[in-house]
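1. Predicted structure and sequence below. I'll ask about it afterward.
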Amino acid sequence: MNLLIEYQWEIFISLEVLSVVALLLFGVLRYYLGHKQKSLVFILLFIVLLVIEAVLGVIIYQETGEFSTFQLVVLLFVIYALTFGVNDFRKLDRWMRMKFGTWRDVDLLTEKDYDIMERQNDPKHVAKINRRSAMIHLIIFVVVQSIFWSLGTENFEEMIGFLTDLSWFEAGNYEDSPYPNETLYSIGMVWMLIFAIDFIYSWSYTIFPSSKSR
């Protein structure tokens, strides 16, 4: 168990490298060689590696008793894979089939794929997708930040106090904040900035659809 804690980052990076290799082999078998059924083995391997990463994060948390940067990184990777990653993978799948289909002089796209690609050029559809993305990010942001704050406060009333009195925000140190340590304070503050930018940008497709259309 001590080896897991000591080499946690090395193990995590190795798992991520294996995940990338699994996706590359999936692409070669599915798009270049045309073995659709065999390629699913590597998608299954990718999912297994993702589960191992999550289990690793839980085990290390149970052993150390603290929520560290490592657990946060693992959590974000898992959340991305289960949410935005699914949609991004579908986009990559269509792009790969289009490119390999062109090289092989065959049409690997379906009628449904063409309909989806056409909708992606529709400003109203793009605005809808970005609104949904912004709301998912909002939910994840609130849930994770609530976890951070619960680790640095005694009860719910104290958390509400930090929401109503934002003087800690200007103080610039975690001792006066609802965060339990410097690491989570830094992550939380940077994430607030990223969230604000992403939320405003995502909703800009709804507020200014004409300027966003292609």
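-> Received the coordinates, thanks.

2. how deep is Gln62 tucked in, by neighbour count?
-> Residues contacting Gln62 under the criterion other Cβ atoms under 10 Å number 9. C-betas here are computed from N, CA, C, even on glycine.

3. Secondary structure element holding it?
-> Under the criterion DSSP states H and E, the helix or strand holding Gln62 is helix 36-64.

4. for Val144, same thing?
-> Per DSSP H and E: Val144 is located in helix 123-152.

5. For the most centrally placed residue in the chain, report the pLDDT, please.
-> In the chain, the C-alpha nearest the mean C-alpha coordinate belongs to Tyr80, at 2.1 Å (Cα atoms, centre = their mean). Listed pLDDT for Tyr80 reads 78.

6. do the same with Leu4
-> pLDDT, Leu4: 79.

7. what's near enough to touch it?
-> Leu4 makes contact with Ile11, Leu56, Ile59, Ile60, Glu63, according to Cβ atoms under 8 Å, 6 or more residues apart in numbering.

8. What is the nearest of the residues you listed to Leu44?
-> Leu56 (18.8 Å; Cβ to Cβ).

9. pLDDT weak spots in this protein?
-> Counting by pLDDT under 70, the low-confidence segments of the chain come to 67, 210-214.

10. Now the residue of it positioned farthest from its centre. Its backbone dihedrals?
-> Relative to the centre of the chain, and counting by Cα atoms, centre = their mean, the farthest-placed residue is Asp105 at 34.9 Å. Dihedral pair for Asp105: phi 60, psi 40, per degrees, to the nearest 10.

11. where along the protein do the helices fall?
-> Secondary structure of the chain (DSSP state H): helices located at 2-6, 8-27, 36-64, 69-82, 84-104, 111-119, 123-152, 156-164, 167-171, 182-207, 209-212.

12. got the buried residues for the second one?
-> It stands for helix 8-27. Of the residues in helix 8-27, those scored as buried under the neighbour-count criterion (16 or more other Cβ atoms under 10 Å) are Gln8, Ile11, Phe12, Leu15, Ser19, Ala22, Leu23, Leu25, Phe26, Gly27.

13. From the contacts of Leu4, list just the buried residues.
-> Buried by 16+ other Cβ under 10 Å: Ile11, Leu56, Ile60, out of the contacts of Leu4.

14. quick one: contacts for the nearest residue to Ala81 once chain neighbours are set aside?
-> Once its chain neighbours are removed from consideration, Ala81 has its nearest residue in Leu50; the separation is 5.5 Å (Cβ to Cβ, 6 or more residues apart in numbering). Contacts of Leu50 were listed using Cβ under 8 Å, 6+ apart, and they are Ser19, Phe77, Val78, Ala81.

15. Which residues are in contact with the second one?
-> The reference is to Phe77. Under the criterion of Cβ under 8 Å, 6+ apart, the neighbours of Phe77 are Glu16, Leu50, Glu53.
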